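[1] could you work out the structure for the sequence below:
(2 chains)
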There are 2 protein chains.
Amino acid sequence: MMTTSPATVTPILPVSDRLGDTKEYYFSSKLREIAQLRARGKDILNLGIGSPDLPPAPEVIAALTHSAGRSDTHGYQPYTGCPELRQAFATWYQNFFHVDLDPATELLPLMGSKEGIMHISMAFLNPGDEVLIPNPGYPTYRSATELAGGTARTYDLRADQGWLPDLDALAAEGLGRVKIMWINYPHMPTGAAAPPDFFARLIAFAREHQILLVNDNPYAFILTDSVQSLLAVPGAREVALELSSLSKAQNMAGWRVGVLAGAAAYLQTVLRFKSNMDSGMFLPVQRAATVALDLGQDWYDQLNTTYRQRRTVALQIMDTLGCTYQRDQVGLFVWAKTPAGTDGYRTCDRALYDHDVFITPGGIFGTAGEDYVRISLCSPVGVLQEALDRLGGSAQVRSKANGQ
Amino acid sequence: MMTTSPATVTPILPVSDRLGDTKEYYFSSKLREIAQLRARGKDILNLGIGSPDLPPAPEVIAALTHSAGRSDTHGYQPYTGCPELRQAFATWYQNFFHVDLDPATELLPLMGSKEGIMHISMAFLNPGDEVLIPNPGYPTYRSATELAGGTARTYDLRADQGWLPDLDALAAEGLGRVKIMWINYPHMPTGAAAPPDFFARLIAFAREHQILLVNDNPYAFILTDSVQSLLAVPGAREVALELSSLSKAQNMAGWRVGVLAGAAAYLQTVLRFKSNMDSGMFLPVQRAATVALDLGQDWYDQLNTTYRQRRTVALQIMDTLGCTYQRDQVGLFVWAKTPAGTDGYRTCDRALYDHDVFITPGGIFGTAGEDYVRISLCSPVGVLQEALDRLGGSAQVRSKANGQ
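    This next block holds a predicted model:
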């Protein structure tokens, strides 16, 4: 037999139908393009992805190191996480969200909340089931739905409605085949927070239409006035689940730690999928996460001080690009409308190819985001300032200061 | 509104059809039962699960600690793993398996090989596609197949055929709807190694019938005479993939590090699913895995010295249970046939409930394993000796020594 050169291998199997419309996740290919540009000598500033650049608290890293140094922490772990981690999530939910959850049955630690989106989709969806997903919104809701055989049905979010779903309009369209509705407040990419009572309206809507409502809640702590949980609504557990994550507010994006919170009966179903897919989390990571969940209000305050300083510069970048925005945004990004006559893709391409600055086109979050761009706050002020300079912003700011 | 007590929540959504026949993974519920027995004061010796009790090499842990102590290692990682890890896998494949793989395109690091089984199933299977899975074999092949909508079709492995598939019999049954065939040599649970040339026969079979052949290869280094890869067969890449893992031979089961090796075109398809499901691995874990892959032959030699000592006692346990076995087994377990008049489940229940020793009934690996039991070598010799004592074996050994 001849050895086949790798380049000539043609797969004998086509991709599955479920992958037919699912592209590689946007950032997966975009990060590769940036890496290629950098390899060619381009010094690209990446203001795209929401990956905190700051490290976790020192005691979190110390807990990892301490646990990894033991000899008995390297084996498979239970699929449901260690009891200490589940208790830490329960205490955290109680302290910050004012929600009581049973650590034994109502909290399921996850390797990041992203995998939870797929687990929930696989656990509850049959072919033909419809899933309500926000437009604009996190692209994974759609891909997880489609990979699970469901049909993604977008609901538009509009600036003039505070980026909230129009529940009456949705009900009028008929919801008979809808099984799951994804929400995500604080909302990415628009930076909208849920106003008081809106979660209660959503729970009533979900109960009336027998829809499983899932709030993806990784941005709860970032630049918000108060920390909100969908599960704080009385009776929420009958129809709602919530995903949280240590990626953003604990600076542990790469560590892959999240949690699914909700009624035991739902979590048991999700566990039936998850336990066939992966194994429990690395115990030293669980120990570190337990410490991270115990961080006090000081931690979140100093984090937000940093993000507030960065936001000031990010908004100057938006000014420089001629974009307009709302000032009361929350979360890890700023979101702004591009000037008339252009759109988010063109604005971003110009920034990338003419000025070596990568910002995210709003269109990748759905058609309703096409006239918007998003800047991440996950770069130091100096980098944001450098991006502002490259885009000509400092000169503008100086001109304004000089009254020109 | 009234707050609903968690205990009363009845899900508004039934489980998806794909979960209909999929139970919680066996060990997930069994470990819970053992935990409950222990909570009631029972001192259960667990000789069940194949989770190495020994720690990784000290330099592996040092690499984790060093990397985690840096401030720039906590963000999201590329979905394809860091270049150093992919290069380390390539060098490892070259040094130990004598297979040349392109680190840029032919190696995809995974969070454990278990998730790879699901990724491959989701990437290539459509409803109705058949998948050949070994009986007995690792239960995840069936559950991943069914969760992906495929139909699991078992092929029997028999002791009198060296636990190898009967390829002629399979071909005679018709293979028109078969898309994937899972093999796993060194084989779990039977401890069979693939004899020389059998991989070449399998590749020819896969090519003839246009089946994607996947070797799940976590036991390559454990008590084997030589380290084998399916990809070493010339032309294998056209029709074959291989999963490897650092769980067993590097003592990193809890860390969740594995790799999928094969032609770029197949890996690109798998990445399309995986990148929508999870994110890249924690960078300090990748750094540690890179060091683990660089361990020399000495590491594997001393590991096997330990496992050889344990196997001696494990086989004495099998003698005590009246079980019979082949002496040339490889891998992390011993596998033995129960005496006439009983079966694996009854033998294991008696050991658990009468003697506080958990060993694994062969039937959980398929009907062809029902008359067998499996003992893991992942306990120190002292624990295996204690299990032997509890089961009455030491008395038997003493009696024999005394000529009684």
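[2] so where do the helices sit in chain A?
    A:26-39, A:58-68, A:83-92, A:113-124, A:140-147, A:167-173, A:198-209, A:264-274, A:283-293, A:297-320, A:344-355, A:381-390, A:393-401 (DSSP state H).
[3] residues contacting the spatially most central residue of chain A?
    Of all residues in chain A, the one closest to the mean position by CA atoms, centre = their mean is A:P218, 5.9 Å from it. By CB atoms under 8 Å, 6 or more residues apart in numbering or on different chains, the contact list for A:P218 reads A:S113, A:M188, A:L243, A:S244, A:S245, A:S247, A:K248, A:A249, A:G258. Quick note: C-beta positions are derived from backbone N, CA and C, even for glycine.
[4] ditto for A:F273
    A:H119, A:M122, A:A123, B:L19, B:T22, B:L147.
[5] next to chain B, which bits of the stretch 301-404 of chain A? Give me the list.
    A:C378 (CB under 8 Å from any CB of the partner chain).
[6] how about low-confidence regions in the stretch 301-404 of chain A?
    Scanning the stretch 301-404 of chain A for pLDDT under 70 picks out the ranges A:394-404.
[7] ok, A:L223 - contacts?
    Per CB under 8 Å, 6+ apart, neighbours of A:L223: A:N304, A:Y307, A:R308, A:R311, A:Q329, A:V330, A:G331, A:L332.
[8] export those as JSON lines, with columns for neighbour count.
    Below are the contacts of A:L223 laid out as JSON lines (neighbours: other CB atoms under 10 Å in any protein chain shown):
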{"residue": "A:N304", "neighbour count": "16"}
{"residue": "A:Y307", "neighbour count": "19"}
{"residue": "A:R308", "neighbour count": "11"}
{"residue": "A:R311", "neighbour count": "21"}
{"residue": "A:Q329", "neighbour count": "21"}
{"residue": "A:V330", "neighbour count": "21"}
{"residue": "A:G331", "neighbour count": "27"}
{"residue": "A:L332", "neighbour count": "26"}
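[9] still on that earlier bit, the helices of chain A: which one's closest to B:G48?
    With CB to CB as the criterion, B:G48 lies closest to helix A:283-293 of the helices of chain A, at 18.7 Å.
[10] top of the contacts of A:F273 by number of neighbours, please.
    Neighbour counts for those (other CB atoms under 10 Å in any protein chain shown) peak at A:M122, which has 27 neighbours.
[11] could you list the low-pLDDT ranges of chain A?
    For chain A, applying pLDDT under 70 flags the ranges A:1-7, A:21-28, A:394-404.
[12] now do the domain split for it, please.
    Chain A breaks down by automatic domain parsing into domains covering A:18-55+A:298-401, A:58-293.
[13] export the ones you listed as CSV, with columns for distance to B:G81.
    Listed next are the domains of chain A as CSV, based on distance: least, CB to CB, whole Å:
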stretch, distance to B:G81
domain A:18-55+A:298-401, 12
domain A:58-293, 12
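[14] which of those domains is buried the deepest?
    Mean neighbour count (mean count of other CB atoms under 10 Å in any protein chain shown) peaks for domain A:58-293 among the domains of chain A, with a mean of 21.
[15] what separates A:F124 from B:D72, distance-wise?
    39 Å (CB to CB, to the nearest Å).
[16] next one: A:D129
    Distance, A:D129 to B:D72, by CB to CB: 42 Å.
[17] report the contact partners of the nearest residue to A:D278 once chain neighbours are set aside.
    Nearest residue to A:D278, sequence neighbours excluded (CB to CB, 6 or more residues apart in numbering or on different chains): B:E115, at 5.1 Å. B:E115 is in contact with A:M277, A:D278, B:R256, B:G258, B:K274, B:D278, counting by CB under 8 Å, 6+ apart.
[18] which member of the residues you listed is positioned nearest A:A232?
    Set against A:A232, the nearest of these by CB to CB is B:D278 (28.8 Å).
[19] now that closest one: how far from A:G254?
    12 Å.
[20] what does A:Y219 give?
    Going from A:Y219 to A:G254 by CB to CB gives 18 Å.
[21] and what of A:Y185?
    25 Å.
[22] is chain B within reach of stretch A:45-62?
    Yes: against chain B, stretch A:45-62 shows contacts by CB under 8 Å from any CB at A:I49, A:S51, A:P52, A:D53, A:L54, A:P55, A:P56, A:I61.
[23] could I get those residues as a markdown table with distance to B:R237?
    A markdown table is the format used below for the residues of stretch A:45-62 next to chain B (distance: CB to CB, whole Å):
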| residue | distance to B:R237 |
| --- | --- |
| A:I49 | 33 |
| A:S51 | 34 |
| A:P52 | 39 |
| A:D53 | 39 |
| A:L54 | 43 |
| A:P55 | 41 |
| A:P56 | 41 |
| A:I61 | 41 |
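[24] between the domains of chain A, which gets nearest to B:T360?
    domain A:58-293 (14.1 Å).
[25] touching stretch A:151-170 from outside, list them.
    A:128-137, A:141-142, A:145-146, A:177-178, A:183, A:187, A:190, A:192, A:194-195, A:198, A:201-202, A:205, A:326, A:337, A:366, A:368.
[26] quick one: distance of it to the chain centre.
    19 Å (CA atoms, centre = their mean, to the nearest Å).
[27] what's the nearest residue to the residue in the stretch 251-400 of chain A that chain B sits nearest to if we skip its chain neighbours?
    Per CB to the nearest CB, A:A263 is where the stretch 251-400 of chain A lies closest to chain B, at 3.8 Å. Excluding the flanking residues, the one nearest A:A263 by CB to CB, 6+ apart is B:V9, at 3.8 Å.
[28] what sits against the one you found?
    So, once contact is read as CB under 8 Å, 6+ apart, B:V9 ends up touching A:R237, A:E238, A:A263, A:A264, A:A265, A:Y266.
[29] repeat for A:R18
    Contacts for A:R18 were tallied using CB under 8 Å, 6+ apart; they are A:E146, A:L147, A:A148, A:G149, B:M122, B:N126.
[30] so who does the fourth one touch?
    Under the criterion of CB under 8 Å, 6+ apart, the contact list for A:G149 reads A:R18, A:L125, A:N126, A:P127, A:G128, A:D129, B:G149.
[31] distance of it relative to B:L132?
    From A:G149 to B:L132 the distance is 24 Å (CB to CB).
[32] try the third one
    Here the criterion is CB to CB. By it, A:A148 lies 25 Å from B:L132.
[33] among the contacts of stretch A:151-170, which ones are in strands?
    Secondary structure from DSSP state E places A:E130, A:V131, A:L132, A:I133, A:P134, A:N135, A:V178, A:I183, A:K337 of the contacts of stretch A:151-170 in strands.
[34] how about those in CSV, adding distance to B:L45?
    Shown next, in CSV, are the ones in strands among the contacts of stretch A:151-170 (distance: CB to CB, whole Å):
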residue, distance to B:L45
A:E130, 51
A:V131, 47
A:L132, 51
A:I133, 50
A:P134, 52
A:N135, 56
A:V178, 51
A:I183, 48
A:K337, 66
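[35] which one of the residues you listed sits closest to B:G344?
    Nearest member of these to B:G344, counting by CB to CB, is A:V131, at 43.1 Å.
[36] wait, the closest one sits on A:L175?
    No: applying CB atoms under 8 Å as the test, A:V131 and A:L175 come out as separate, 11.3 Å apart.
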